[in-house]
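S.K.: okay, predicted coordinates and the sequence, questions at the end:
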Amino acid sequence: MARARTLVAVSAAILAVATSAHVLESANADHRHTASTAPAWPGSGSPALAPVPPRVDKPNILLVMTDDMRADDLKWMPNTRAFFAEHGTDFRNSFAPTPLCCPNRASYLSGKYAHNHHVWWHETPWGYGAFDDSHTIGGALQQAGYQTGYVGKYLNRYGIAAPKADPTAAPWTYVPNGWDDWRATPDAVPVPMSNPLWGSTYNYFATTVNDNGVLEGHQGQYNSNVLVDEGLDVLRQFEGGGKPWYLQLNSLAPHHGDPVESDDPIGDGMETPARPDWVKGRFDTEIQRGLGVPVDGQPERDVRDKARITRRMKPLTDSDRSDILALSRQRAETLFAFDRQLGRVLHELQTSGQLDHTIVAFTSDNGYMEG
């Protein structure tokens, strides 16, 4: 069982278990979400419109989920830190029972442990195809009177494996029950690369979106920009819906993904995320060694009490440390790029008058160990 820092979204309407690396929560109708000492998120210094009166006694809920993010990676996200600095709650003593993307995402969506939802791994037969998503947090909140939206990464192999709830559906255009607005990213689309619809969840510059059963191609556009654009579109439609809303915005950052870049490390098995050119090199001076690698260069010298897979690992070489350093820098750059886009969402909540009756939570699907 992996112990990790977590921030959990809580309200009487939420039916969920948050099993993540780091979660931050902010919800208070009597306070502004600004910080005087942290970097300002866009709009934090500008006046908000008059708050929109709540339509019912239930708050809106925005859940932002990153992918494979460490707790200390939050350092590279100034807008997120500023937003939660004064009135957020940081849950540091929480646990990821199955710290892998697919099982933990299934646990968040279902409120169940892996031995109950049967997603044990990423691949067949224990991956997405084993998950019955006919009733998840989306459907539970619909029953509680919410508009529900989902944007970004779903479970691993979504778009490839047949959905258990509807095995005859085309996987890449399948929309689960319980979501009023569905903008998830298929892991693959059965078209050639020359087709404008070609793309993947794991390609930062070719993200295909399943927009409520219709594919949209976004070749050449950066993943974080695409997903936040989609999320803002959902938010603005929900604003006039007359109901409280729940929106889950799922970032690929800082998970590794294509395309391969010229400055990527070449070490065996070392995969990194892709970033836009404008952010490359931003943290080279600040990050002098890989996160998880101590000054002496060896994370833990005596691993005799650890699992077999760890006991078999060799000590880090100079080449390993160089690769982990490159990975840490690229992950930081990817998160910084996402954070800039996330600032647009926070600004929208403020200027639309929704912020004072919206719960905002930030988490990762699971933690990540480097070194």
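M.R.: Sure thing, it's come through.
S.K.: and the residue nearest to residue 313 when sequence neighbours are not counted, how many neighbours?
M.R.: Nearest non-adjacent residue to residue 313, counting by Cβ to Cβ, 6 or more residues apart in numbering: residue 303, 7.4 Å away. (Each C-beta comes from the backbone N, C-alpha and C, glycine too.) Residues lying near residue 303 (other Cβ atoms under 10 Å) number 13.
S.K.: cool, residue 258 as well?
M.R.: Neighbour count of residue 258, defined by other Cβ under 10 Å: 15.
S.K.: OK, contacts around the closest residue to it other than its chain neighbours?
M.R.: Of all residues not flanking residue 258 in the chain, residue 203 sits nearest, at 4.5 Å (Cβ to Cβ, 6+ apart). Applying Cβ atoms under 8 Å, 6 or more residues apart in numbering to residue 203 gives the contacts 223, 257, 258, 259, 274.
S.K.: try it again at 10 Å.
M.R.: Listed by Cβ atoms under 10 Å, 6 or more residues apart in numbering, the contact partners of residue 203 are 185, 187, 188, 218, 219, 223, 252, 257, 258, 259, 274.
S.K.: can you pull the pLDDT of residue 41?
M.R.: Note on residue 41: pLDDT of 55.
S.K.: and what of residue 127?
M.R.: Note on residue 127: pLDDT of 89.
S.K.: quick check: it touching residue 117?
M.R.: No: between residue 127 and residue 117 there is no contact under Cβ atoms under 10 Å: 11.6 Å.
S.K.: residue closest to the middle of the protein?
M.R.: Central residue of the chain (Cα atoms, centre = their mean): residue 66, 2.2 Å from the mean position.
S.K.: and that residue, its phi and psi?
M.R.: When read as degrees, to the nearest 10, the backbone of residue 66 gives phi -90, psi -180.
S.K.: that one contacts residue 255, doesn't it?
M.R.: Yes: Residue 66 sits in contact with residue 255 when judged by Cβ under 10 Å, with a separation of 8.3 Å.
S.K.: intersection of neighbour lists for these two?
M.R.: In contact with both residue 66 and residue 255: 153, 334, 364, 365, 368, using Cβ under 10 Å, 6+ apart.
S.K.: how about the residues you listed in JSON lines, adding neighbour count and secondary structure?
M.R.: Formatted as JSON lines, the shared contacts of residue 66 and residue 255 follow (neighbours: other Cβ atoms under 10 Å; DSSP: H, G, I helix; E, B strand; the rest coil):
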{"residue": "153", "neighbour count": "25", "secondary structure": "coil"}
{"residue": "334", "neighbour count": "32", "secondary structure": "helix"}
{"residue": "364", "neighbour count": "33", "secondary structure": "strand"}
{"residue": "365", "neighbour count": "29", "secondary structure": "coil"}
{"residue": "368", "neighbour count": "22", "secondary structure": "coil"}
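S.K.: so among the residues you listed, where is pLDDT lowest?
M.R.: residue 368 (87).
S.K.: list the contacts for that residue?
M.R.: For residue 368, the contacting residues are 2, 4, 21, 66-71, 73, 99, 254-255, 291-292, 331, by Cβ under 10 Å, 6+ apart.
S.K.: now do residue 278
M.R.: By Cβ under 10 Å, 6+ apart, the residues touching residue 278 are 222, 333, 337, 340.
S.K.: now these as a markdown table including secondary structure, pLDDT and neighbour count?
M.R.: What follows is the contacts of residue 278, written out as a markdown table (DSSP: H, G, I helix; E, B strand; the rest coil; pLDDT from 0 to 100; neighbours: other Cβ atoms under 10 Å):
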| residue | secondary structure | pLDDT | neighbour count |
| --- | --- | --- | --- |
| 222 | coil | 98 | 21 |
| 333 | helix | 98 | 26 |
| 337 | helix | 98 | 25 |
| 340 | helix | 98 | 20 |
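S.K.: excluding its backbone neighbours, what's nearest residue 141?
M.R.: Counting by Cβ to Cβ, 6+ apart, residue 141 lies nearest to residue 246, which is 4.8 Å off, once chain neighbours are set aside.
S.K.: apologies, that question was intended for residue 163.
M.R.: Leaving aside its sequence neighbours, residue 163 sits nearest to residue 174 (Cβ to Cβ, 6+ apart; 5.0 Å).
S.K.: likewise for residue 232?
M.R.: The shortest distance from residue 232 to any non-neighbouring residue, by Cβ to Cβ, 6+ apart, is to residue 348 (5.9 Å).
S.K.: low-confidence ranges in the protein?
M.R.: The model of the chain has pLDDT under 70 over residues 1-56, 267-268.
S.K.: so who does the residue sitting furthest away from the middle of it touch?
M.R.: Distance from the centre of the chain peaks at residue 304, with 34.2 Å (Cα atoms, centre = their mean). Taking Cβ under 10 Å, 6+ apart, we find residue 304 in contact with 310, 311.
S.K.: gap between it and residue 310?
M.R.: 10 Å (Cβ to Cβ, to the nearest Å).
S.K.: and if you look at residue 121?
M.R.: Counting by Cβ to Cβ, the gap from residue 121 to residue 310 is 19 Å.
S.K.: between the two, who's got more neighbours?
M.R.: residue 121 (16 against 11).
S.K.: the more buried one: what's it in contact with?
M.R.: With Cβ under 10 Å, 6+ apart, residue 121 has these contacts: 98, 100, 101, 102, 103, 114, 127, 130, 156.
S.K.: for the nearest residue to the fourth one once chain neighbours are set aside, give me its contacts.
M.R.: In this structure, residue 102 finds its nearest non-sequential neighbour in residue 156, 4.2 Å apart by Cβ to Cβ, 6+ apart. The contact partners of residue 156, by Cβ under 10 Å, 6+ apart, come to 100-103, 105-106, 119, 121-123, 127-128, 187, 201-202.
S.K.: narrow these to those that are buried.
M.R.: With burial judged by 16 or more other Cβ atoms under 10 Å, the buried subset of the contacts of residue 156 is 100-103, 105-106, 119, 121, 127-128, 187, 201-202.
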